[in-house]
Every structure is written in C-alpha cells, then in structure tokens.
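A.B. asks: Structure for this input, please:
(2 chains)
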Amino acid sequence: MSGRPGIAFLVWAALLGLLAAVLWAVFEEEDLLSVLMPAFAVALTAALALGGWRAARRAAVRAFAPQADPDTSWPAVLAGISLVLVLLGLEVGTFLIFIGAGLFVAGAGGLMREWRAERRTR
Amino acid sequence: MTAVDVPRSSTIRPHRGLVGTLASTDHKALGAGLFVTAFAFFLAAGVLALLMRFELARPHLQLMTLHGYDELFTLHGSTMFYLFATPIAMAAGVYLVPLQIGAARLRWARLGLAAWWMVIGGGLCMWLGFLTEQGAADVGWYAYVPLSDMPNSPSIGTDYWIIGVILAAGAAIALAACVLATIVTERAPGMTMLRLPVFSWTMVVSCLMVLTAFPALIVAMALLLAQRQWGGVYTGSAGAFDYQHLFWFFGHPVVYVVFFPFLGAVAEAIATFSGRRWFGYKPFVVSLLLFAALSMSVWGHHMFTTSSVENRYFSLTSTALLVPAGIEYFDALATMWRGRIRLATPMLFALGFLVLFVIGGVTGIFVGSPPLDYHVTDSYFIVAHFHYTLFGGSVMGLFTAIYLWWPKVTGTLLSERLGRWHFWLTMIGMNLTFFPMFFLGWDGMPRRVADYPAGTSWSTLNALSSAGSALLAVSVLVFLWNVRRSWRRRVPAGPDPWGAQTLEWATESPPPRENFVGALPPVRSYAPLQDLREQRELEAQPA
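C.D. replies: Model prediction:
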C-alpha cells in the first residue's frame, strides 16, 4: 500500500467482496438488489484500483512537469448551472430543458477552449 | 536533510473579488465557497429544527399545522444530510487534502466548481417547494414509497425536492472524484499512501464510499420521479422494499461519509494538542478501511422490522462495527496518554466528540440488535441515537476542524474565550436537547409527530429538550460572534500557531495561490513537521 493507491482500493474491494460473499453464501440472501448493489460497489472499487494504479504511474512520470491551470472557469460554472436547469425543466417545462441544454453546449464549448489553451501553454 | 521540490502551476489570470471567487478553480476558494454554502444550509436547517422544538415544547399544536410539521422535518433532515453534512465534508477535503499532500492544485478542479453550483442549485430546488401552493416536500429525508408517490404526496414541492436530491448527490460524487484523483495523482514526492496524514486517509475512505454508495441514491430518486409521473416502477410491497434497499444502501454509508472526515480532524487535533504522533497509524488505516467496508454492509438494519432482510447478517455486521470503532478510540486515548495536553478550543471539541460519539455508538449497538430495535423503531430513541452520532460526531468534529484550521484558512485567530463559551454551551445544549429523547423513545413516543398527549412525563421531557435546542442556538450565535470578531480584529496567526504536524502548516496562512512557496520539508512520515521538530531537538541535545 506504501506508494500505490490502487492497493488501498483493492484491499477495500476485497473487504467489501468478503462481506458480500458472507451475505450471499452463508446467509443465502437471494434478494436481487442485495446481490447487485454490493457487486456494483466491489466492481467499481476494483476498476478504481486499476485506474488509480495507472494514473499514479503516469503522475509519477510527470511529477516535475509544469502545469497550467486557468484561475477562473466560467464555462464550468455554466455547465453546473445548465445541469440544474435541465433537471428542473423536467418539472417546470420543456422550454427550461432546451435553455439548459443550450447553456450546457455553450459551457462545454468553453471548456474545450480552456483545455486547448492549457495544452498550448504546457 | 533534503527538501523536496513540488510541481508548480502557472495561473493564466489571477481572480479578483467575489465574482472571481464564484468561478475560481483554486481549490482553496472552491473549498471555502462550498464550506460557506454548506454552513448557510446548516443555519437554515437549524432554524427549522428550532421551529419544530418550539412546537413540541408543549402538547397540542401551537405554531403550525400537521402538514407544516411534516414539511419542516423533511427539509430539516434532507438539508442537513444532502446540503450541509456531505458538502461540508467534501469542502474540507477540497480545501485541505491538496495542502496536506503537498500538491499545488486540486485535480479536475473545474468538475469540482460545477459541483459547487449543483449544490447551490440543488438546495434552491429543495427549498423552492415552500413557495408552491401545496407546500414543500413532506415525505421525510428518506421519502419511503408509497408515502412519497403521487396519491400520498401530490405536492410539486416533492418533485422539486427529488430533483434537488439528485443534483446534490451528483455533486457529491463529482467532488469525491476530484479529491480522490488528487490523492492518487498529485501527491508530493515522498508522500506515499502510508505517509498520508490521518485526515487525508479519512477523506480517501469517505470518497470511496461516496463513489460506490451515492449512485444507488440517484437511481432510487430517478425511479421515484418516474414513479410519481407514470407509476408502475415501485409496485406493491416488493416495490416498497426495493426502494428501501436502494435508499439505505446509500443512507447508512452517508452517515460515515459525513463522520470520517471529522474523525480525521479530531485525530489531527488530538495528536497536535497532545504533542505526540497519532498512535497506531497503520492499524488506524486498516480499521478505517474495515469500518468503511462494514458500514457498506449494514444497510439492512434500517429494515429489521420489515421482515424482508436477513436480520442475523445485518445484526452481525452492525455489531462488528464496534471493532474498528474500538481501535480508533484506543488510538485516540493512547495518543493522549502521557502527552503534553493543551486544552485549546479545538482539543475541547475533539474531546467532546469522543464523549458524545461513544453514546451514539453504544446506543447504536442497541438498535443493531433486532429485538431491541423492534421496541424502539420509529421512536424518539432513534432520533436521540442518530443525533448523538451525527451531531456528537459530525458537528462536534466540524467545530474541531473549524477551530483547528481557521488560522490556516484565514490567517487570523479566533478568540479562545469565546471558543470555550461556544464549546460548553454546545455540550450542555446538545445533551439537554437529545438525552431526554432516549427516555421519550423508550417510553414509546413516536418520531415525526407534531402533537402528543398532555399530562404525561412526555411534557416535561419535551420541554427540557426544547430548552436545550434554544441553548444550542445561542451557542451557534456565540460562534458567529467569534467569527465576526476574528474577521474585524484580524489578529495574525502565523504559519503554524498550534505546533502542528502536517504539511499544510509548512506554508503561509492563508496559503498562497500555489500553496507552497519554495521547497517542501522532506516527507518521511505522515507527520513531516513533527519529524523536523524531533530532529531539531535531537540536534540541540549535547553530544
């Protein structure tokens, strides 16, 4: 576990899996959700372990590389607000879904511009 | 001794003023903004709690209708969980984790920024219901089916509430992803996983739990919205049980999601104010992982009385929680043992946390036992139990964190005298409010009621409880006064006013945009500043 976050995630996935296995095998729980939900948690944590392992290795390679971040990001704010509007539109009316979707597209476009600018400065 | 260089980020344009803060990708501005948002919701939910307690101070209805009371306890519980406790735990992680691990930034900060706005939007959606004709949601923070389907709760406020919950849960997932990705990819050279500070470890397990448990809430709420619109999703008793399974798969872990980070804060405070390293670091890490895994495996104990779950299994896992909890208590006591204890305000709150949470934990063993749970389920005993864990755990831990890291975040000191007043008022108010509820619940008073019969012992106990809640309100006012005073007087704190142990105290207060100017101290353990201190003491000793 010392340098690799993936190991910590795997340990946790193993503990979750063990507890779920006791529920399924020893106590013979057959409820579908009681099987699916822990299985989802174990699978997701295992995937995180794999992803974390790779990400940590890549991060170690570029540990000393300079990084460029924008200090503010209005497109990210727009994306967050647009999600709120889209979901609220489910109740208030279709017009709000369209407004939210439009703002989301604008926010996503802005985020693309930011990413490009970031890559140019590296 | 060699210092360690950390990666630097070059900012494109520094932000200015409030408008810039609202869109800042700096993890400190984002964390502080999220923190203030969550604390505002805490105050709002606290006002609702006060109204409920005023109503219950005497038998019969005084202030509100039965339906109005339903709305209040729904918005109180859901605001506390979805808009205060979870976001504020994540805010602490967003602000502190990069500093503790020697990082210059938060990974995926723009995702975190969008999540902050989703929390604001989600909160407004939930509270929007008060402006509708039929009122806000009246279904409890759990919104059990069929009580939450359209015939039983026809208000559009309930729909807004569901949308708000989905937004808040989505935001929590996004924030947890940011913090976890930061820990995975942005650690300073030398900062291995087994050198992460205790608080950062508690954030690791909290974030893992958010990522694995919160999707179940989003599924449950999305299906509930569909059920309300079209029906046919949660049908019959099987549908009701399915909903409860989905909800409690999230609903129990969330208690730990909002507990672990503050346990981490308490651990940092105890180590700092005992002048010792945290005792048993590795067993503590293992116990955290076990604690989190067990708490993902106990959801069925909320359904003991439905007879639809394997009670023996869920009782076993619930009782087994004592093992990791015991390890953590042992670590805390062993850290203080023979330490040079300073009873500064953060330490007082940390000790308060230990005392109150043990009451919540022991009564948790009561309700983890099906025969006892059958007796007290849906009674005020449960209300008392979970307030001892959530208020005694999370809120006392939160104030530990606030008093501990306030100098770091603001560069100024809070008043110790007002801090002590705040602590004692909180301790007395908290116990006066919630301890009588154990007796009320044991005696059979059901929860979620606005009225109760006159001429019984319930009247006295409820009056005591209501008086305690007023005292709690006063304690919060004292805290706000302390904040105002600190803000106006601006007594400089310096980089490390407490003699702390972790990396965030190696930089200026408040930290600069890139967190660390110059080289970091070498990271050889989870307490690099303590390493330096001990090395200096060794060097100062005559050969």
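A.B. asks: Distance from the chain centre to the helix or strand hosting residue B:470, please.
C.D. replies: If you go by DSSP states H and E, residue B:470 is part of helix B:457-489. Mean-position distance between helix B:457-489 and its chain equals 19 Å (CA atoms, centre = their mean, to the nearest Å).
A.B. asks: Downstream of that helix, the next helix or strand is which one?
C.D. replies: Using DSSP H and E, the first helix or strand after helix B:457-489 is helix B:528-540.
A.B. asks: Go through that next one and flag the buried ones.
C.D. replies: Buried residues in helix B:528-540, counted by 16 or more other CB atoms under 10 Å in any protein chain shown: B:528-532. C-betas here are computed from N, CA, C, even on glycine.
A.B. asks: ok so, going back, check which helices and strands the helix holding residue B:470 sits against.
C.D. replies: Using 3 or more CB pairs under 8 Å, 6 or more residues apart in numbering or on different chains; DSSP states H and E, the elements in contact with helix B:457-489 are helix B:27-56, helix B:396-410, helix B:416-442.
A.B. asks: what residue lies at the spatial centre of chain A?
C.D. replies: By CA atoms, centre = their mean, chain A has its centre lying nearest to residue A:48, at 9.7 Å.
A.B. asks: Now that residue: closest residue in space that isn't a chain neighbour?
C.D. replies: residue A:9 (5.0 Å; CB to CB, 6 or more residues apart in numbering or on different chains).
A.B. asks: Can you tell me the element the residue nearest to the centre of chain A falls in?
C.D. replies: With DSSP H and E as the criterion, the answer for residue A:48 is helix A:32-61.
A.B. asks: Contacts only, for the residue nearest to residue A:48.
C.D. replies: A:45-46, A:48-49, A:52, B:208 (CB atoms under 8 Å, 6 or more residues apart in numbering or on different chains).
A.B. asks: repeat that with 10 Å
C.D. replies: Residues counted as contacts of residue A:9 (CB atoms under 10 Å, 6 or more residues apart in numbering or on different chains) are A:1, A:44-53, B:180, B:184, B:204, B:208, B:289.
A.B. asks: Can you read off the backbone torsions of the spatially closest residue to residue B:306 that is not a sequence neighbour?
C.D. replies: The shortest distance from residue B:306 to any residue other than its chain neighbours is 6.4 Å, reached at residue B:241 (CB to CB, 6+ apart). The phi and psi values for residue B:241, taken as degrees, to the nearest 10, are phi -70, psi -40.
A.B. asks: The helix or strand containing residue B:215 near chain A at all?
C.D. replies: Here residue B:215 sits within helix B:198-230, counting by DSSP H and E. Yes. Using CB under 10 Å from any CB of the partner chain, helix B:198-230 reaches chain A at B:201, B:204-205, B:207-209, B:211-213, B:215-216, B:219, B:222, B:225, B:228-229.
A.B. asks: hang on, isn't residue B:78 packed against residue B:139?
C.D. replies: Yes. Residue B:78 is in contact with residue B:139 according to CB atoms under 10 Å; the separation is 9.3 Å.
A.B. asks: re earlier: can you put the buried residues of helix B:528-540 in TSV and add distance to residue B:37 and pLDDT?
C.D. replies: Output for the buried residues of helix B:528-540, formatted as TSV (distance: CB to CB, whole Å; pLDDT from 0 to 100):
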residue	distance to residue B:37	pLDDT
B:528	32	94
B:529	31	94
B:530	34	91
B:531	37	92
B:532	36	91
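A.B. asks: Pull stretch A:26-45 out as CSV, backbone CA atoms only.
C.D. replies: Presented in CSV, the C-alpha positions along stretch A:26-45 are these (Å, rounded to 0.1, in the frame of the first residue of the first chain):
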residue,chain,number,x,y,z
VAL,A,26,-23.5,-18.2,4.4
PHE,A,27,-26.8,-16.4,4.9
GLU,A,28,-28.1,-17.4,1.4
GLU,A,29,-29.5,-13.9,0.6
GLU,A,30,-31.3,-14.1,-2.7
ASP,A,31,-32.8,-10.6,-3.0
LEU,A,32,-31.6,-9.3,-6.3
LEU,A,33,-30.7,-5.8,-5.1
SER,A,34,-28.8,-7.3,-2.1
VAL,A,35,-26.7,-9.1,-4.6
LEU,A,36,-26.4,-6.4,-7.3
MET,A,37,-25.5,-3.4,-5.1
PRO,A,38,-22.5,-4.8,-3.2
ALA,A,39,-21.4,-6.4,-6.5
PHE,A,40,-21.5,-3.0,-8.1
ALA,A,41,-19.5,-1.5,-5.3
VAL,A,42,-16.9,-4.2,-5.5
ALA,A,43,-16.6,-3.9,-9.3
LEU,A,44,-16.4,-0.1,-9.2
THR,A,45,-13.7,-0.1,-6.5
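A.B. asks: how far out from the middle of the chain is that stretch?
C.D. replies: Using CA atoms, centre = their mean, the offset of stretch A:26-45 from its chain centre is 21 Å.
A.B. asks: Now the helix holding residue B:470: buried residues?
C.D. replies: B:458-459, B:461-473, B:475-476, B:478-479, B:482-483, B:486.
A.B. asks: same thing with stretch B:308-320?
C.D. replies: Within stretch B:308-320, judged by 16+ other CB under 10 Å, the buried ones are B:308-311, B:313-320.
A.B. asks: Roughly how far does residue B:493 sit from chain A?
C.D. replies: Using CB to the nearest CB, to the nearest Å, residue B:493 is found at 25 Å from chain A.
A.B. asks: actually residue B:397, sorry about that
C.D. replies: 22 Å.
A.B. asks: And the closest residue in space to residue B:137 that isn't next to it in sequence, which helix or strand is it part of?
C.D. replies: Using CB to CB, 6+ apart and skipping the chain neighbours, the partner closest in space to residue B:137 is residue B:161 (3.5 Å). Using DSSP H and E, residue B:161 falls within helix B:156-185.
A.B. asks: which parts of that helix are buried?
C.D. replies: B:156-185.
A.B. asks: Verify the stated contact: the residue nearest to residue B:306 with residue B:146.
C.D. replies: No. Using CB under 10 Å as the test, residue B:241 is too far from residue B:146 to be in contact (11.6 Å).
A.B. asks: Next, show the common contact partners of these two.
C.D. replies: In contact with both residue B:241 and residue B:146: residue B:234, using CB under 10 Å, 6+ apart.
A.B. asks: who touches the residue lying closest to residue B:222 once chain neighbours are set aside in this structure?
C.D. replies: Distance criterion CB to CB, 6+ apart; nearest residue to residue B:222, sequence neighbours excluded, is residue B:166 at 6.5 Å. Each residue near residue B:166 by CB under 10 Å, 6+ apart is listed here: A:83, A:87, A:90, B:82, B:118, B:122, B:125, B:217-222, B:224-225.
A.B. asks: tell me which of the residues you listed is nearest to residue B:103?
C.D. replies: residue B:118 (23.8 Å; CB to CB).
A.B. asks: Could you report the separation of the closest one from chain A?
C.D. replies: With CB to the nearest CB as the criterion, residue B:118 and chain A are 5 Å apart.
A.B. asks: show me the contacts for the residue of the stretch 251-400 of chain B found nearest chain A.
C.D. replies: With CB to the nearest CB as the measure, residue B:293 is the residue of the stretch 251-400 of chain B nearest to chain A, at 3.6 Å. Residue B:293 sits next to A:11-20, A:38, A:41-42, A:45, B:205, B:208-209, B:317, B:324 when contact means CB under 10 Å, 6+ apart.
A.B. asks: Which helix or strand lies directly C-terminal to the helix-or-strand element of chain A with minimal mean pLDDT?
C.D. replies: Of the helices and strands making up chain A, the lowest-confidence element is strand A:67-69, at a mean of 65, by mean pLDDT, DSSP states H and E. Proceeding N to C from strand A:67-69, the next assigned helix or strand is helix A:74-92, under DSSP H and E.
A.B. asks: now that following helix: how far from the chain's centre is it?
C.D. replies: 18 Å.
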